[in-house]
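Asks: okay, predicted coordinates and the sequence, questions at the end:
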Amino acid sequence: MAEIAVEVAFALPECQRVVALRVPLGTTADEAVALADLPGRFPYVPSEAFAGNDLGVFGKRLREPSSHRLRAGDRVELYRPLTMDPKAARLIRATDNKR
């Protein structure tokens, strides 16, 4: 069976990991994330943090990661939910810079 090389990326504020994989041709984005074993690579992160996340390929969000077939060289990215509204964060930074 033909295989392709892909990567799965996950980042936290303090560290990131890019996992290189060889997967069968026709592997979906969801399947690649499962094969990357992120809970095993980030044992201090609750395993539910890896479930239900939005996924993307090279910064472009996937609408249907369970049916998106990967191509050789693709990098699947897991997106974490925002912890703060970006507008509120900008307001805080702007206020801090005025002092």
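Replies: Yes, it's here. Numbering: from 1, shown residues only.
Asks: so which residues of this protein form helices?
Replies: 29-35, 38-41, 86-98 (DSSP state H).
Asks: mind giving me the packing neighbours of the first one?
Replies: Spelled out, it's helix 29-35. For helix 29-35, the elements it packs on are strand 3-11, strand 16-24, strand 54-57, strand 75-79, judged by 3 or more C-beta pairs under 8 Å, 6 or more residues apart in numbering; DSSP states H and E. (Glycine included, C-beta is placed from N, CA and C.)
Asks: which stretch among these comes nearest Pro86?
Replies: strand 75-79 (13.8 Å; C-beta to C-beta).
Asks: re the thing from before, same list (the helices of the chain) but as a markdown table, adding mean pLDDT.
Replies: Listed next are the helices of the chain as a markdown table, based on pLDDT from 0 to 100:
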| stretch | mean pLDDT |
| --- | --- |
| helix 29-35 | 94 |
| helix 38-41 | 90 |
| helix 86-98 | 80 |
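Asks: related to what we said a few turns ago, out of the helices and strands packed on helix 29-35, deepest packed?
Replies: strand 75-79 (a mean of 20; mean count of other C-beta atoms under 10 Å).
Asks: what is the neighbour count of the residue nearest to Val57 when sequence neighbours are not counted?
Replies: Leaving out its chain neighbours, the residue that sits closest to Val57 by C-beta to C-beta, 6 or more residues apart in numbering is Asp74, at 5.1 Å. By other C-beta atoms under 10 Å, 20 other residues sit near Asp74.
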